[in-house]
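Colleague: sequence plus the predicted model coming up.
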Amino acid sequence: MANMKGPRFKQSRRLGLNVCGHPKAMNRANKTTSRADKKLSSYGMQLLEKQRLRAYYGVMEKQFEKYVKEAKKSKEQTGHVLIKTLEIRLDNLVYRLGFASSIRQGRQMVVHGHILVNGKKIDIPSYRVNVGDVISLKEKSRNVEIFRENFLSSILIKYPYLYKDENNFSGTLIQYPERDQIPIEIDDQLVVEYYSRLI
């Protein structure tokens, strides 16, 4: 299974945005490290924003293009649909609920079979979670210290579309997220403009 690899902090500094979510990711950032600090053409700005969004969710180009094509078919605003679709990926929600400290770790947990959806093991990181689906940590995995610590000590950030049940090591998608509820700093219109040349 292909996925985005490489140093996360370096990638964040290059993109000029903390795309990995680690509090120390931008500590060594300066005006020479980010492409965002250079004068960019309109195409360059679109490309940078597309790369930032891909990096946020750790999605490969081919799969990302599929999401864009699908979003274009919607009657809603294309950029909003794209981001909402990425947000309900299983690996991302595992991260949002605090099971993992990053989306990358969330993906690894899913692939290794630590995560259940409605009581069934799902090992596909791109699996789309539906409203009402319960995401939980497998019984045996609750004894793994790093998973317990992640879930119980994670700062409880309130996402209106998620319910976290600490007693049962689980969480539920209670509604599909609205664009303004998703905490990422992306100009999705630039991403759509980038792909309008290609798709």
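Modeller: That came in fine, so what should we check first? All of these numbers come straight from a predicted model, not from anything done at the bench. Numbering: from 1, shown residues only.
Colleague: alpha carbons only for contacts and neighbour counts from here, please
Modeller: Will do.
Colleague: tell me how many other residues surround S153.
Modeller: Neighbourhood size, S153 [other CA atoms under 10 Å]: 11.
Colleague: likewise S170?
Modeller: So S170, with other CA under 10 Å, has 23 neighbours.
Colleague: helices along the chain, start to end?
Modeller: 8-15, 42-57, 61-72, 78-87, 90-96, 103-111, 145-153, 188-196 (DSSP state H).
Colleague: list the contacts of the fifth one.
Modeller: It stands for helix 90-96. Identification of contacts with helix 90-96 by CA atoms under 8 Å, 6 or more residues apart in numbering yields 57, 86-87, 100-107, 110, 124-129, 135.
Colleague: now stretch 159-172: mean pLDDT?
Modeller: Stretch 159-172 shows a mean pLDDT of 94.
Colleague: name the residues of it that come out as buried.
Modeller: Residues L162, Y163, K164, F169, S170, G171, T172 are the ones in stretch 159-172 that count as buried (16 or more other CA atoms under 10 Å).
Colleague: of all those, which two lie farthest apart?
Modeller: Spatial extent of the buried residues of stretch 159-172 (CA to CA) is set by the pair L162 and F169 at 13.5 Å.
Colleague: what is the nearest of the buried residues of stretch 159-172 to S196?
Modeller: Nearest to S196, judged by CA to CA, of the buried residues of stretch 159-172 is L162 at 32.5 Å.
Colleague: the closest one and R107: what is the separation?
Modeller: 18 Å (CA to CA, to the nearest Å).
Colleague: what's near enough to touch the spatially closest residue to G98 that is not a sequence neighbour?
Modeller: Excluding the flanking residues, the one nearest G98 by CA to CA, 6 or more residues apart in numbering is F151, at 4.8 Å. Under the criterion of CA under 8 Å, 6+ apart, the contact list for F151 reads L97, G98, F99, A100, E166, F169.
Colleague: quick one: these as CSV, columns for distance to L190 too.
Modeller: Shown next, in CSV, are the contacts of F151 (distance: CA to CA, whole Å):
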residue, distance to L190
L97, 29
G98, 30
F99, 32
A100, 30
E166, 38
F169, 38
